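*Asks:* Got a predicted structure here, sequence first:
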Amino acid sequence: MPFYKRGFMIRVVLFLSFFTSSIFADFYDLKPIKITKDISCVIGDFHPPMKSNKGFVSNMCYINMGDSLVVLDAGPTYNFAKEFYTLMKKEYPKLEVSHVILSNYHDDRIQGASYFKELGAKIVGHKTINDDIKENPSKFERMKQILSKEVYEKTKVIYADSLVDGGYEIKGSNKTLEIIKPSKISEEKSDIAIYSKDDSFLFVGNIVFNGRLLSYKKTSNIDGWIEAIENLAKIDAKYFLGGHGKKFDKNSYKATLEYLKILRADVKKAYEDEIDILEVKKFVKTQKFDYLNHFEQLNNANISTYYNQLEWE
């Protein structure tokens, strides 16, 4: 073959190699951490969903049940779930996903569920989760606006097909997972926790935040949120992983609990003392948590939201 033709063929091969590698390149850089020998988790970014993190802002886990894998939260996109599944299969090539448990209805947690549904997994959520999905359609618009078409491709919102309450169990050949409803409503009414007694491991979703400040919403209930954390703390699990943050030791819930108690006590006192809403943040002693990401904007919003709730009680 003449030299110029060989050069042309080499350029074609290199182009095709680059093109195909681009098509099949991973969008997410998923690096699992081992909690126990049977539980691995990926830790989301501390910032809100944006192009740079591709919506991966929450923690998710997979658990080896002996005869199958159970996934805790499905992630923000179809492509995320696909890559998460590939990660699991590298470690457990002979096991398939039997269940995906959704810890609440938020877009960063459920929008990958359709991928697992295609694989035949059962999608499990609290008995209120489908109502939460139906009642909050705007919650599922932000990823469409933030993410590229390539990252968001095939992503859609589906309903849970198994609606459960506290006390529901998923049994494997080596262990049993229990779904816990620690209070009627905490951040959201569909919030649940997942407990593996065999591993002394609790996954509690948005009930606990680390690394960034929690977001107290109009739909949140501060008494229920505090009750939920206190009830989960009584389990005394060795590993306690929230939905955001790297901490998973048995005391990882304490900062969230302390913040909520200070927020409740100080805002309530300011309200009873008829402090104007524009001045109330001066009377709320939460500044000790200013080391957390997004403290300023979220703390002020949390104070205002809870104050407004008190006005409407």
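*Replies:* Yes, it's here.
*Asks:* Sort out which residues of stretch 235-252 are buried, please.
*Replies:* Buried residues in stretch 235-252, defined by neighbour count with 16 or more other Cβ atoms under 10 Å: 235, 237, 239, 240, 241, 242, 243, 244, 245, 247, 248, 252. C-betas here are computed from N, CA, C, even on glycine.
*Asks:* Is it possible to get those residues out as CSV so that each row also shows secondary structure, distance to residue 213 and pLDDT?
*Replies:* Listed next are these as CSV, based on DSSP: H, G, I helix; E, B strand; the rest coil; distance: Cβ to Cβ, whole Å; pLDDT from 0 to 100:
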residue, secondary structure, distance to residue 213, pLDDT
235, coil, 25, 98
237, coil, 24, 98
239, strand, 23, 98
240, strand, 18, 98
241, strand, 18, 98
242, coil, 12, 98
243, coil, 13, 96
244, strand, 10, 97
245, coil, 11, 96
247, coil, 14, 97
248, coil, 19, 98
252, coil, 15, 98
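*Asks:* Quickly check the residues you listed for the two that are furthest apart.
*Replies:* 235 and 244 (20.1 Å; Cβ to Cβ).
*Asks:* ok, back up a step: dump the buried residues of stretch 235-252 into a markdown table; add distance to residue 310 as well.
*Replies:* As requested, the buried residues of stretch 235-252 are arranged in a markdown table below (distance: Cβ to Cβ, whole Å):
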| residue | distance to residue 310 |
| --- | --- |
| 235 | 31 |
| 237 | 33 |
| 239 | 36 |
| 240 | 30 |
| 241 | 32 |
| 242 | 26 |
| 243 | 26 |
| 244 | 26 |
| 245 | 28 |
| 247 | 31 |
| 248 | 34 |
| 252 | 29 |
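*Asks:* Let me see the ranges of the helices in the stretch 201-313 of the chain.
*Replies:* Assigned by DSSP state H, counting those that start in this stretch, the helices in the stretch 201-313 of the chain fall at 222-233, 254-272, 295-312.
*Asks:* Quick one: those as JSON lines, columns for distance to residue 212, mean neighbour count and mean pLDDT too.
*Replies:* Listed next are these as JSON lines, based on distance: least, Cβ to Cβ, whole Å; neighbours: other Cβ atoms under 10 Å; pLDDT from 0 to 100:
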{"stretch": "helix 222-233", "distance to residue 212": "16", "mean neighbour count": "20", "mean pLDDT": "98"}
{"stretch": "helix 254-272", "distance to residue 212": "11", "mean neighbour count": "18", "mean pLDDT": "98"}
{"stretch": "helix 295-312", "distance to residue 212": "8", "mean neighbour count": "16", "mean pLDDT": "96"}
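*Asks:* what would those look like in a markdown table with distance to residue 157?
*Replies:* What follows is those, written out as a markdown table (distance: least, Cβ to Cβ, whole Å):
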| stretch | distance to residue 157 |
| --- | --- |
| helix 222-233 | 25 |
| helix 254-272 | 27 |
| helix 295-312 | 25 |
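*Asks:* any chance you could map the strands in the stretch 1-150 of the chain?
*Replies:* Under the criterion DSSP state E, counting those that start in this stretch, the stretch 1-150 of the chain carries strands at the ranges 33-36, 39-42, 60-64, 69-72, 97-101, 122-126.
*Asks:* Mind listing residues that contact the first one?
*Replies:* In other words, strand 33-36. 40, 41, 42, 43, 61, 199, 201, 239, 241, 248 (Cβ atoms under 8 Å, 6 or more residues apart in numbering).
*Asks:* most neighbours, which of those residues?
*Replies:* Within the contacts of strand 33-36, most neighbours by other Cβ atoms under 10 Å means residue 241, with 30 neighbours.
*Asks:* Hmm, residue 205 and that one touching each other?
*Replies:* No - if you go by Cβ atoms under 8 Å, residue 241 and residue 205 don't touch, sitting 9.3 Å apart.
*Asks:* any residues in contact with both of these two?
*Replies:* The contact sets of residue 241 and residue 205 do not overlap (Cβ under 8 Å, 6+ apart).
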